[in-house]
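Undergrad: Fold the following and give me the result.
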Amino acid sequence: MTELLEKPVSGVGAYYVKRLERLGIKTSRDLLRHFPTRYEDFSHVKRIGELRDGDICSVTAKVQEIKNRRAWRRRMFLTEAVVSDETGSMYAIWFNQPFLTRNIPKGALVSLAGKVQYGNKGLYFSNPGYEVVARHPHGDAALRRQERRHTAGLIPIYPETRGLTSRALRFLIQPLLKEASRLPDPLPEALRRRLGLMEFRKAIQAVHFPLSLKTADDARRRFAFEELFLFQLLLFLMKRKLKTLPAPVIKTDLAHVKQFIASLPFELTRDQKKAAWDILKDIAKPSPMNRLLNGDVGSGKTVVAAIAALETLAQGYQVALMAPTEILARQHFEKLFKFLGSFDAKLAMLAAKSTAIADDGLYGKVRRYTLLEKLKKGEPYFVIGTHALIQKEVSFGKLGLVIIDEQHRFGVTQRAHLTRGTQIPHLLSMTATPIPRTLALALYGDLDISLLRELPKGRKTIMTSVVPPARREATYAFMREEIRKGRQAFIICPRIEAQDVGYEEYLSLDTKAVKEEHQRLKEEVFPDLSLEMLHGKMKSEEKERIMATFAENKTHVLVSTSVVEVGIDIPNASAMMIEGADQFGLAQLHQFRGRVGRGEHQSYCFLFTDSAAKAARMRLEAFANVHDGFLLAEEDLKIRGPGEFFGTAQSGIPDLAMRSLKDLSLLELARNEARTLLEHDPQLQSAPFLKARLEEFRQEVHLE
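TA: Numbering: from 1, shown residues only. A predicted model of the protein is given here:
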């Protein structure tokens with residue numbers, strides 16, 4: 001179907017190949033489906049004398065002068081040009097593009113497009129799009145307006161990477177459109193006509209180089225529907241396939257379950273009881289459970305999982321729990337030992353560099369080889385670990401239940417790594433990220449979902465406040481007092497380092513960066529306390545060491561980026577300061593806040609912002625008064641979009657479909673159409689092009 005586009009992107013050198021790969025583009029088809037995120041409207045053509053500050057338009061003018069100069073303080077090259085037409089002259093300036101003096105010769109006729117601004121020297125374009133209309137105006141045949149790709153009409157702006165601009169992407173994509181016009185449409189014609197969707201040939205041209213914004217919107221809607229439709233087809237097919245596979249039948253001993261619940265030092269919430277009962281009913285069936293346990297931070301997911309694990313162990317089967325970090329795996333191990341230790345449950349921990357065992361009342365280290373032999377023989381252990389659980393040398397002889405903590409996708413292929421038997425283990429996925437209904441439908445349509453919205457009784461509300469700059473020192477003093485009482489604190493920064501910002505931010509840098517802030521706090525604010533720094537660019541071993549040190553209360557303050565959003569549980573931490581809080585989404589702020597308030601102590605969250613915008617402050621004030629993660633997630637979905645919750649790489653869902661999840665009606669339409677089609681044609685025999693495209697899509701999204 002797509003042999004023309006399956007080949008690697010042609011006509012580009014190694015320089016562009018590497019940069020395309022950064023964007024996930026390996027084939028011509030990938031490039032063709034790299035859709036614009038927006039369009040610049042340069043359909044307004046003006047003469048220089050007509051320009052006003054703030055105009056978005058294009059002009060055609062002669063280059064009177066063009067030169068490079070070095071801006072040492074800003075550490076960049078500036079390319080400056082003076083251009084003129086019969087009505088006047090203006091400036092154009094580009095940043096870090098010194099090659100433009102070769103591309104745009106003095107005396108050439110150029111078309112410039114962008115936003116007009118007013119500065120010390122008068123009107124100017126900042127970083128405008130450009131095209132050389134004629135290198136020698138009186139000798140060349142001028143580039144006609146309809147031939148201009150970058151400065152006339154609606155200009156597509158694509159997701160970019162360093163060294164690969166939208167301009168370069170337009171050059172690469174345009175030649176592919178001719179080949180694409182010969183491809184068949186994967187959507188059945190009857191479905192397309194009934195839903196009023198644009199056909200593929202017209203849509204692929206219109207999404208990249210539209211004649212109007214309405215045409216672009218129609219094309220984007222068509223492709224958004226197609227991707228959501230394919231995704232829902234995959235989810236339905238995966239769910240159908242799973243029901244045909246054999247799984248262990250784990251019968252429930254109600255007396256045993258009641259005895260365990262009675263032994264707990266707290267009362268289960270109604271949501272916990274319902275979720276536990278749904279899970280127990282699932283694992284009693286002969287087909288594999290595939291359930292998502294979605295609960296806010298502190299809602300008690302672990303104890304619900306422990307109930308299912310206890311019954312599985314009692315039936316002689318093994319249980320495996322996989323956590324994203326070794327420190328969290330160790331915390332799960334210790335917590336589950338407290339829950340299950342008195343019920344003759346055998347527990348073990350298996351991580352990359354450590355193993356431990358809790359068996360027959362003994363609790364301590366064990367040789368890795370010894371533990372692996374026990375697992376291979378099928379001894380009924382509850383093994384808690386990291387990705388070390390799915391290494392080749394790990395073999396489970398009788399695995400009945402797999403529990404995944406904060407791993408948003410874990411399919412049949414991964415489960416196969418955990419078992420060598422003829423049966424498929426039951427799967428329980430857990431996440432502390434509250435998921436709005438639209439995302440749950442789209443991303444977890446193949447899973448049954450249990451929600452834990454109630455928090456356990458007695459849990460203290462985290463006192464949250466937006467702090468004015470004048471109260472910064474007082475806040476530091478308050479945190480110091482908490483530490484004096486034996487507590488610990490987090491300080492969250494939006495950036496790793498000051499240089500890790502764009503040009504405009506760099507000129508007026510007011511964003512706290514973790515490296516600089518850690519140094520300042522260590523030297524000026526808390527010189528007598530123990531501080532550590534944590535960020536995503538550190539090696540895994542270093543991150544694990546720092547988190548372990550903090551968990552052991554050997555560090556007073558952890559200065560970190562968003563890397564602590566999940567995967568760390570510090571009951572002793574009672575204070576959190578979030579710098580640049582306006583730069584985070586509501587759902588992300590809620591996840592940060594959930595790092596404190598996990599123990600018996602009253603906890604506090606302080607929000608700082610340098611933004612003068614009234615809307616930003618009002619948004620943070622609203623956040624401070626709302627503690628329901630599901631409500632905040634719904635609001636964030638409206639404001640910031642679904643990418644706030646799951647990036648493409650995490651969910652597997654393509655960019656355009658991801659951005660379309662805000663459109664509940666389109667999602668439900670795609671879901672209903674997918675269900676109806678499979679009910680009438682389970683093998684898709686009536687839609688061969690759709691079937692072929694679905695197989696390609698399966699490879700692209702890597703759900704398994």
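
Undergrad: Name the residues of the helix or strand where residue 479 lies that are buried.
TA: Element membership for residue 479, per DSSP states H and E: helix 472-484. Across helix 472-484, burial judged by 16 or more other Cβ atoms under 10 Å covers 475, 476, 478, 479, 480, 482, 483. Backbone N, C-alpha and C define where each C-beta goes, glycine included.

Undergrad: what's the answer for stretch 95-110, then?
TA: Residues of stretch 95-110 classed as buried by neighbour count (16+ other Cβ under 10 Å): 97, 100, 101, 104, 108, 109, 110.

Undergrad: quick check, nearest of those residues to residue 548?
TA: residue 97 (46.4 Å; Cβ to Cβ).

Undergrad: list the contacts for that closest one?
TA: Shown in contact with residue 97 (Cβ atoms under 8 Å, 6 or more residues apart in numbering): 77, 79.

Undergrad: how about it, secondary structure?
TA: Classification of residue 97 using DSSP: H, G, I helix; E, B strand; the rest coil returns coil.

Undergrad: next one: residue 279
TA: For residue 279, the assignment made with three-state DSSP gives helix.

Undergrad: Now do the SS call for the nearest residue to it once chain neighbours are set aside.
TA: Counting by Cβ to Cβ, 6 or more residues apart in numbering, residue 308 is the residue found nearest to residue 279 once chain neighbours are left out, at 4.8 Å. Following three-state DSSP, we place residue 308 in the helix state.

Undergrad: ok, residue 308 - contacts?
TA: Applying Cβ under 8 Å, 6+ apart to residue 308 gives the contacts 250, 276, 279, 280, 283, 401, 403, 426, 428.

Undergrad: Residue 582 too?
TA: By Cβ under 8 Å, 6+ apart, the contact list for residue 582 reads 609, 611, 613, 616, 617, 619, 620.

Undergrad: Just confirm the second one contacts residue 620, I think it does.
TA: Meaning residue 611. No - counting by Cβ atoms under 8 Å, residue 611 stays clear of residue 620, with 9.0 Å between them.

Undergrad: When these two are compared, which one has more neighbours?
TA: A direct count of neighbours by other Cβ atoms under 10 Å for residue 611 and residue 620 places residue 620 higher, at 23 against 15.

Undergrad: need the strands for the stretch 501-650 of the chain, in chain order.
TA: In the stretch 501-650 of the chain, the strands defined using DSSP state E, counting those that start in this stretch lie at 531-534, 557-560, 573-578, 604-607.

Undergrad: can you redo the ones you listed as a markdown table with mean pLDDT and distance to residue 148?
TA: Shown next, in a markdown table, are these (pLDDT from 0 to 100; distance: least, Cβ to Cβ, whole Å):
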| stretch | mean pLDDT | distance to residue 148 |
| --- | --- | --- |
| strand 531-534 | 94 | 49 |
| strand 557-560 | 95 | 48 |
| strand 573-578 | 95 | 46 |
| strand 604-607 | 97 | 47 |
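
Undergrad: May I see these arranged in TSV, with distance to residue 679 and mean neighbour count as well?
TA: Shown next, in TSV, are the strands of the stretch 501-650 of the chain (distance: least, Cβ to Cβ, whole Å; neighbours: other Cβ atoms under 10 Å):
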stretch	distance to residue 679	mean neighbour count
strand 531-534	50	20
strand 557-560	49	26
strand 573-578	49	26
strand 604-607	49	24
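
Undergrad: ranges for the helices of the stretch 601-704 of the chain?
TA: Under the criterion DSSP state H, counting those that start in this stretch, the stretch 601-704 of the chain carries helices at the ranges 614-624, 629-639, 648-651, 655-659, 664-680, 688-701.

Undergrad: circling back: from the contacts of residue 308, which land in helices?
TA: Mapping the contacts of residue 308 onto helices (DSSP state H) picks out 276, 279, 280, 283.

Undergrad: which of these are buried?
TA: Neighbour-count burial (16+ other Cβ under 10 Å) is assigned, among the ones in helices among the contacts of residue 308, to 276, 279, 280, 283.

Undergrad: Would you mind listing the residues in contact with the last one?
TA: Right, the one you point to is residue 283. Going by Cβ under 8 Å, 6+ apart, residue 283 touches 247, 248, 249, 250, 289, 308, 311, 312, 400, 401, 426.

Undergrad: can we see that at 6 Å?
TA: Contacts here follow Cβ atoms under 6 Å, 6 or more residues apart in numbering; on that basis residue 283 touches 250, 289, 426.

Undergrad: Now those residues in CSV, please, with extra columns for distance to residue 325.
TA: Converted to CSV, the contacts of residue 283 look like this (distance: Cβ to Cβ, whole Å):
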residue, distance to residue 325
250, 29
289, 25
426, 24
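
Undergrad: which of those residues tops the neighbour count?
TA: The most neighbours of any of these, using other Cβ under 10 Å, belong to residue 426, which has 28 neighbours.

Undergrad: Done for today, thanks.
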